[in-house]
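[1] Fold the following, please.
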Amino acid sequence: MLEALRKFFKTPAGMGVAALLVLIGLVTAFYSLKGAWNSEGANASADRMFIDAGSNPPKPFAHELSMGDVIPIRAPSGGNTGYPAEPCYWTKDGKIKTDPTWVLLNSYKGSNEPTFCPDCGRLVVGHNPRPESGSRPPPTKEEYGRSRPTPPSRR
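    Numbering: from 1, shown residues only. Okay, here's the model as predicted:
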């Protein structure tokens, strides 16, 4: 059996089959290694949504981060006014929605005030969590103000 294979691979047709098998092996090895180097998690963390703070109202845009990018990044308005956007998955009545509203945090504007979604009016924080079924919605601006004690006045 082995002798028959050796004779076959010495013929022009056998050499063609051998070359094809080597090529298939190289392509398979390439895609296997490429998959190991480029993980789905790394791609997801590099491909992010940003907000163009230079537009009025601030507009979301997608951007793939690459080595050397500095925040704020260059935005569609032309300036370095692109800040990471936070997703808000809530409606005004406290229901979960599938397509997020992208929100610019007040901290990027230089304010210490909490950020509320312009669409639903609910609190948005850094690394805003995606809600699960049964989750309680974040507070509205009014609910947030009622739950925070007013600081005593200084004389």
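[2] Phi first, then psi, for residue 2.
    phi -60, psi -40 (degrees, to the nearest 10).
[3] for the chain, what's the longest helix?
    helix 12-37 (DSSP state H).
[4] other SSEs contacting that one?
    helix 2-10 (3 or more C-beta pairs under 8 Å, 6 or more residues apart in numbering; DSSP states H and E). Every residue, glycine included, has its C-beta placed from N, CA and C.
[5] Could you check the angle the helix it packs on makes with helix 12-37?
    90 degrees (axes from the mean of the first three to the mean of the last three C-alpha atoms, to 10 degrees).
[6] averaged over its residues, what pLDDT does helix 2-10 have?
    For helix 2-10, mean pLDDT rounds to 86.
[7] So what's the gap between it and the chain middle?
    Here helix 2-10 shows a centroid-to-chain-centroid distance of 54 Å under the convention C-alpha atoms, centre = their mean, to the nearest Å.
[8] Tell me which residues of stretch 67-87 come out buried.
    72-73, 75, 77, 81-87 (16 or more other C-beta atoms under 10 Å).
[9] Need the residues that contact that stretch.
    48-55, 59-61, 63, 100-105, 108, 115, 124-128, 130 (C-beta atoms under 8 Å, 6 or more residues apart in numbering).
[10] And it, end to end?
    Stretch 67-87 stretches 24 Å from its first residue to its last (C-alpha to C-alpha, to the nearest Å).
[11] going forward, begin numbering at 400 instead of 1
    Fine by me, first position is 400 from now on; the one you just mentioned is stretch 466-486.
[12] Strands along the chain, start to end?
    Using DSSP state E, the strands of the chain run over 446-451, 458-463, 481-483, 485-489, 495-502, 514-515, 522-523.
[13] Can you give me the domain boundaries for the chain?
    439-483, 485-547 (automatic domain parsing).
[14] Mean pLDDT lowest where, among the ones you listed?
    Among these, domain 439-483 scores lowest, with a mean of 86.
[15] Residue 528 versus the residue minimising distance to the centre of the chain, what's the distance?
    By C-alpha atoms, centre = their mean, the chain has its centre lying nearest to residue 447, at 3.5 Å. Going from residue 447 to residue 528 by C-beta to C-beta, to the nearest Å gives 16 Å.
[16] rewinding a little: with the buried residues of stretch 466-486 in mind, which one is nearest to residue 416?
    residue 472 (51.5 Å; C-beta to C-beta).
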